[in-house]
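Q: Would you be able to build a 3D model of this:
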Amino acid sequence: MSDLIDRQDALDVLRNLAFDHIFQCGEYYGEDERQLTIINAEKAIDVIESLPSAEPEQRWIPVSECLPEDMDRTLVTIDCRGRQNVRSGHFFKGYFMNDNGDTWKVDDQEVIAWMPLPEPYRGDR
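A: This next block holds a predicted model:
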C-alpha cells in the first residue's frame, strides 16, 4: 500500500467535511462560527493545493550539473555531429554505455544530459 494520498481525494474529503460541518453546526452556533468554518476550510484547501507533488520530477539533468552514480541505469542524450539522440544504458567511470557495447565519454562532450529511468510498472498493489 502506498503512503501517498491523491491530492484530489484529500480536497474532496475536506470540502465534504466543511460542507457537513457548516450545515450541522450552523443551527447550534451563530453565523460567525459558520463563516469561520468556511474561512478555515478554504485556507486548508489552499494549503493542500499548493503542496508540491510527491511524485519525483522526471527531468533531463545536464552533465555539467552532476553525473549519476556508477552503474545507475539511465536515459542519455548524446550529440553526434550536431544530431541529438536518446539512448538507454548505464553510467560507469565517466562513460555512458548501452547494452550493445556502445560507449560515450562525458569528457568528449558527446553526452549532453541524462535522466534516471522511471520505476517499472508494477500494476495495482
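Q: can you pull the buried residues of the longest strand seen in the chain?
A: Looking across the chain with DSSP state E, the single longest strand is strand 83-92. For strand 83-92, a neighbour-count test (16 or more other C-beta atoms under 10 Å) marks 87, 89-91 as buried. Every C-beta, even on glycine, is put in place using the N, C-alpha and C of the backbone.
Q: Nearest to V63 among the residues you listed?
A: Proximity of the buried residues of strand 83-92 to V63 was ranked by C-beta to C-beta; the top entry is F91 with 9.8 Å.
Q: per-residue pLDDT, the closest one?
A: What the model reports as pLDDT for F91 is 89.
Q: Cross-check the contact I'm expecting between it and T74.
A: Yes - with contact defined as C-beta atoms under 8 Å, F91 and T74 form a contacting pair (5.9 Å).
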